[in-house]
Structures are given as C-alpha cells and as structure tokens.
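> prediction below, plus the sequence it came from.
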Amino acid sequence: MKKSMSVLAMMLLILLSACSNEEQEQILHGQTMGTTWLVKYIGSPSIQQQVIQRHLDQFNQTMSTYIENSELSQVNRAPVRQWLVISDKLAKIIQLSLEISKNTEGAFDITVGKAVNYWGFGAGQENIEPTKQEIGYQYIRLDGNRLYKEKNIYLDLSAIAKGYAVDETAKLLENAQINRYLVEIGGEIVAKGKNKKQQFWTIAIEKPDPMQRMIMQTIELTNQAIASSGSYRNFKQKNGKIISHTIDPKTAKPIKHNVIASSVIANSAAVADAYATAFMVLPVSASISISDKQNFSTLIVTGKMGDNSTFKKYYSTHFEQKYVSK
Ligand code: ADP
Ligand code: MG
C-alpha cells in the first residue's frame, strides 16, 4: 500500500512538472531592421535565438535598402525598361504591396523611395526633390518572378517589411510546433493562442505623444496581428514645422494633414503594417471605410502633435465593437 502511494505521488509529481513545463515562457530577442525583435512562446525550449536571427538576417539581405548588396538595392540600381528576374521572396512582398496600393487609392506605395531619401528618412542619397511624376506603383510591373521598371523609381519596403518579417517568424515558430506565441518587430506584432497566464496577449497602443511614452488603449490579441504607424517618433522639424516620414505619393511630399497615428488589427502583420501607413496618408473617412470593407479593427488619432487636448479618436466598426463599446 505504502509503495503504491509513493508511485502515485511520483506520477502526480511527474504530471505536475509536465504541466508547469508546458506553462514555461521562453523569451528570445535580438536586433533587425534598425530596431529590435522579440519572441515569446509557451512551452519547453524548441527554437534557438540564432535560428530566428539568421532567418531575419536573410530576410534583410533581400528586402533592405540599407544593405548595399541586398537584392532590393540591386533592383534599385538595375537599368529601366528591362525585365529583371527576382527571387520568390521579393516577388511575393512586391505583389502584396501592389495589391495594397490598388486597395488604398495609391496611398500605400513602395515607389516613394526617392522622396523618402530626399526628405532624409531613407538609406539612399537624393539631392533633387522628386516630382510626383517620378512616383507611382503603376510604373512597375510584376509577372511572376520578373519585374519591369518603366521609370527610374526607387523601391522602399520599409512600411511593410517589418510586418512581413513578423509573419515569416511566426511561420518559423509554427514549423517548430509552437502555437502559443507573440512575435514583435519594432512595434508590429502577431499573437497566437494564450499566454502563460492562460489569457489572450495584452498589447498596449501608445499615445501619440513625442514627449513621453503613455498607454492610450490596451487590447487583447490572439490569432491576429497589430501594427501602428505614426509621425510622433520619427520626424524632423524645419522652421518650426514638423516633417513626417510618411510620404503622400500623390504630392511626393511628407503628409501635412492632421492624422497623427493609426493602428490596424488584421489577420497578417504585413497587411496591418502597410495599411497603417496608408491610413496616415488617406482622409479618415476613406481609411474607416476601407477598414470596414476589409474587416480590420482600426483606430486613428487626429490632432495637433504635442497638444494632447486636440486629440480625437476614430474607430472602424470592428474596433468599436470589440474594444470600445463594452
Ligand atoms: P510607421 O511606424 O510610421 O509605419 P514604418 O517604418 O513602418 O513606420 O514606415 C514608414 C516608412 O515607410 C518611411 O520611413 C518610408 O521609408 C516608407 N514610406 C513612407 N511613406 C510611404 C507610403 N506612402 N507608402 C509606402 N511606404 C512609405
Ligand atoms: Mg508601418
């Protein structure tokens, strides 16, 4: 009797330790794309930091304009009016970018690179201000793995690459049989399953205040992605005026209106990332109607940067239902 009790106790102990093992949270982090990456997952260690780092480094070697011999830099230097053979990876992200350009009346446009460089927010040097005729996604064509540049445009994937890399990292975790995780690169996030407390992952949306970091809203996220865009961290000032790093492709100049931040919750981080940038460019009404059509949960803040009393929030239907009117 005594013996069987101790066997039972042992089994219980093993079971308990198996359970607590399962609730172990693993945290990995590193640097990529001029910012940081973070992966949290629940379970025993099953993927190494170096595996994720290598994967992100390879991704950067394709997409970055900051790496001189990256595939994208080579495409940017390639002559115009010739079909160029590009990798599957690059073709996929350009394909998605072109789709999003079409869905946002051209507000999201990866051909803004020259203007980004001219206004001092890019990797390249541009001394002459580009005209609006030098920007436009219609000047590139994609046919499977072949790309054609009709004009000498400069492609910049910065507004979608972080989100895309988040999605790719999530796939890496899924392949390692991890299904409760959070992946974050520079504020763009995807979350799946529940955290170690058996709750959905809590994400804070920041107040668009350049002076301090404060939480504007917290949301519970699972099986979805969130990305935010804003002019309140990365901007320049000239003669007292704020110059945003977001370019309006229609004018080839930094945006001027009063949208100061946008957050988008969607099924993929790449999609959320790109639309969050588009919503910095478009009038609020257009962004909300696109969000409702695409079933995004979107939050947009307008106002005067630096004057919190002028802030006004706008929500898409899903955002309002899920996170506001409770
Ligand atoms: P944010 O957090 O504001 O979205 P990102 O780094 O994700 O910041 O995106 C901003 C970057 O995207 C800019 O620095 C520029 O390289 C690029 N960009 C600017 N305007 C546009 C645009 N209209 N469409 C696509 N990319 C843009
Ligand atoms: Mg973005």
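Everything's here; your move. Numbering: from 1, shown residues only. Ligands and ions are numbered 1, 2, ... in the order given.
> the residue nearest to Ser70 when sequence neighbours are not counted: neighbour count?
Leaving aside its sequence neighbours, Ser70 sits nearest to Ser64 (C-beta to C-beta, 6 or more residues apart in numbering; 4.8 Å). Yep, even glycine has a C-beta here, placed from its N, CA and C like the rest. Ser64 has 21 neighbouring residues, counting by other C-beta atoms under 10 Å.
> doesn't Leu72 make contact with Ser64?
Yes - shown here, Ser64 and Leu72 form a contact pair, counting by C-beta atoms under 8 Å, at 6.5 Å.
> anything in contact with each of these two?
Any residue near both Ser64 and Leu72 by C-beta atoms under 8 Å, 6 or more residues apart in numbering counts here, and that gives Leu157.
> check contacts around the residue nearest to Ser70.
Counting by C-beta under 8 Å, 6+ apart, Ser64 touches Met33, Ser70, Leu72, Ser73, Ala123, Leu157, Ala161.
> try Ala107
Contacts for Ala107 (C-beta under 8 Å, 6+ apart) come out as Ser101, Asp248, Pro249, Ala278, Phe279, Val281, Leu282.
> list the contacts for the second one?
The neighbours of Asp248, taking C-beta under 8 Å, 6+ apart as the test, are Ala107, Pro254, Ile255, Lys256, Val281.
> doesn't Gln237 make contact with the second one?
When you say that, I think you mean Pro254. No - shown here, Pro254 and Gln237 do not form a contact pair, counting by C-beta under 8 Å, at 11.6 Å.
> those two: which is more packed in?
More crowded of Pro254 and Gln237, by other C-beta under 10 Å: Pro254, with 21 against 8.
> surely Leu147 is in a strand?
Yes - counting by DSSP: H, G, I helix; E, B strand; the rest coil, Leu147 is located in a strand.
> which strand residues bridge it?
Beta-bridge pairing of Leu147 under DSSP bridges involves Leu84, Leu142.
> what sits against Ile52?
Leu28, Gly30, Trp37, Val39, Thr169, Leu172.
> what about Ala227, distance to Lys256?
Distance of Ala227 to Lys256, computed by C-beta to C-beta, to the nearest Å: 23 Å.
> neighbour count: these two, which is higher?
Taking other C-beta under 10 Å, Ala227 and Lys256 do not tie; Ala227 has more neighbours (30 against 11).
> checking the more buried one next. Helix, strand or coil?
What three-state DSSP gives for Ala227 is strand.
> hey, what's in contact with both of Pro254 and Gln237?
Overlap of the contact sets of Pro254 and Gln237 (by C-beta under 8 Å, 6+ apart) consists of Ile243.
> which ones, among the contacts of Ala107, also lie beside ligand 1?
Near ligand 1, judged by C-beta under 6 Å from any ligand atom, the entries from the contacts of Ala107 are Pro249, Val281.
> those residues of the protein touching ligand 1, which are they?
Counting by C-beta under 6 Å from any ligand atom, the residues of the chain that sit close to ligand 1 are 108-110, 112, 116, 121-122, 156, 158-159, 162, 229-230, 245-247, 249, 273, 276-277, 281.
> now Leu173. Nearest residue, chain neighbours left out?
Nearest one to Leu173, counting by C-beta to C-beta, 6+ apart, is Tyr181 at 5.1 Å.
> now swap in Gly186 and tell me
Thr35 (3.5 Å).
> returning to what we had before: distance check, the residue nearest to Leu173 against Lys171.
From Tyr181 to Lys171 the distance is 11 Å (C-beta to C-beta).
> quick one, which of those two is more surrounded?
Using other C-beta under 10 Å as the criterion, Tyr181 and Lys171 rank with Tyr181 on top: 24 against 11.
> surely the more buried one and Ala170 touch.
Yes - counting by C-beta under 8 Å, Tyr181 touches Ala170, with 7.1 Å between them.
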